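1. Could you look at this predicted model? Sequence included:
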Number of protein chains: 2
Amino acid sequence: MNPDENVHRRDGRHARGDRSRALVLERSMRIASVEGLEGLTLGRLAADVAVSKGNLVTLFGTKEALQIATLDAAVGVFITHVIAPSEGVVAPLARLRAVNDAFFAYVTSGVFPGGCVLYATANEYRAKPGPLRDHALRYYDMWYAYLLDLVQRARDAGEIAAGADPSTVTFELMAFQQAANTARLLDRGDEAVARAAALTRARLDALATG
Amino acid sequence: MNPDENVHRRDGRHARGDRSRALVLERSMRIASVEGLEGLTLGRLAADVAVSKGNLVTLFGTKEALQIATLDAAVGVFITHVIAPSEGVVAPLARLRAVNDAFFAYVTSGVFPGGCVLYATANEYRAKPGPLRDHALRYYDMWYAYLLDLVQRARDAGEIAAGADPSTVTFELMAFQQAANTARLLDRGDEAVARAAALTRARLDALATG
């Protein structure tokens, strides 16, 4: 056997594995957004996506590895919808407005049936120590740090009032995001999201110097 | 047998039943605050409180009835800590300030290890239809309506700006409460609660006409 053929065969197998993983993760993200990462089991997922449990084990390993992979994939979706669209926006305040608008659009669009997985898992694991909590907390911290950096740079650039406390502003922005995400699914619908978006815009307008 | 004795014996049995229920609910509220109402099972609880599963069934009936009773008991604790202390305060704005301060004190004091059960269950069931969601939503709505009524009466009494939109103010207050509850347990600690309490006070100060 020619070694090149061997490489091709291995690549083909990897590509098939990647497609299977992607298909399983599509489904597992939807389950996790509604029922939490605790709602994911290999058995249930195998039935849902018509893949054998043995194949799921080959693709992901343990249940915990599947849960981690699901959260990673969901954060990928978050980045695509919320962060990536304004990557080209240089001015910090303009980007801060853009990512907040994008967050509320992402929640309204119902990308995930149970709402934003980042806030869902932060809530699910807020009081449950372990690797999943550590992982969820890391993403929550990254999002906090991303927003905080924009607020700080907007202040340093003189775009928002020098007296604004960046930690407080960031806390406030995240409070509106989380409230929109919860309230929308609790029968408040898109009206709740619109209200949070309007509060966010009003807050940033009040802070803006320009 | 004298009928009076019979009544006394029945009362004694009821009193013992009530004590047992109260003991079980003490424990089930703590579990639910950390792991959610889904974390409650008759088997686990029986092991935790050293009551036979059969006795739990006698006391509560089904798992769902136990979950409902746990949420009811937790809302009782919420009312005791957050609402009852300012029942005697007549002026709506003063009472609004008092219940918000009481909420943040209740979250800081760690009455429940996993934080406020009202917000925890609203989150847990936000996207899961069924009787538990209906029940959690009813309590969330009651808290919303309680705050909204205070805001409206404060506005009608001329205590806050006539231009303030009561629904928006209520949404904002609840956003700070929920954010404090989540962030406190995500390693932000009491600093997060203090920040939310300060934002709430600042918001009400800004709206106050006096």
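-> The structure has been received and is ready for your questions. Numbers count the residues shown, from 1 in each chain, chains lettered A, B, ... in the order given.
2. check which helix or strand covers the residue nearest to residue A:201 when sequence neighbours are not counted.
-> The shortest distance from residue A:201 to any non-neighbouring residue, by Cβ to Cβ, 6 or more residues apart in numbering or on different chains, is to residue A:97 (7.2 Å). Glycine gets a C-beta too; all of them are placed from N, C-alpha and C. Taking DSSP states H and E as the definition, residue A:97 sits inside helix A:92-108.
3. which residues in chain A form strands?
-> Under the criterion DSSP state E, chain A carries no strands.
4. which parts of it sit against chain B?
-> For chain A, the contact set with chain B under Cβ under 8 Å from any Cβ of the partner chain comprises A:33-36, A:38, A:113-115, A:120, A:122-124, A:126-128, A:137, A:140, A:167-168, A:171-172, A:174-176, A:178-179, A:182-183, A:185-187, A:192, A:195-196, A:198-199.
5. just the buried members of these?
-> The neighbour-count test (16 or more other Cβ atoms under 10 Å in any protein chain shown) marks A:33-36, A:38, A:114-115, A:120, A:122-124, A:126-128, A:137, A:140, A:171-172, A:174-176, A:178-179, A:182-183, A:185-186, A:192, A:195-196, A:199 as buried among these.
6. Could you list the low-pLDDT ranges of chain A?
-> A:1-13 (pLDDT under 70).
7. Quick one: distance of stretch A:50-62 to the chain centre.
-> Centroid separation for stretch A:50-62 versus its chain: 24 Å, with Cα atoms, centre = their mean, to the nearest Å.
8. what's near enough to touch residue A:200?
-> With contact taken as Cβ atoms under 8 Å, 6 or more residues apart in numbering or on different chains, residue A:200 is in contact with A:100, A:104, A:173, A:176, A:177.
9. how about a cut-off of 10 Å?
-> Going by Cβ atoms under 10 Å, 6 or more residues apart in numbering or on different chains, residue A:200 touches A:96, A:97, A:100, A:101, A:103, A:104, A:172, A:173, A:175, A:176, A:177, A:180.
10. do you know how far the closest residue to the fourth one other than its chain neighbours is from residue B:181?
-> The reference is to residue A:101. Leaving aside its chain neighbours, residue A:101 sits nearest to residue A:197 (6.8 Å; criterion: Cβ to Cβ, 6+ apart). Residue A:197 is 22 Å from residue B:181, where distance means Cβ to Cβ, to the nearest Å.
11. related to what we said a few turns ago, shouldn't the residue nearest to residue A:201 be in contact with residue A:205?
-> Yes. Assessed by Cβ atoms under 10 Å, residue A:97 is found in contact with residue A:205 at 9.2 Å.
12. The two: which has the busier surroundings?
-> When residue A:97 and residue A:205 are compared for neighbours, residue A:97 comes out ahead with 20 against 9, by other Cβ atoms under 10 Å in any protein chain shown.
13. Okay, residue A:178 and residue A:192: tell me how far apart.
-> Residue A:178 is 11 Å from residue A:192, by Cβ to Cβ.
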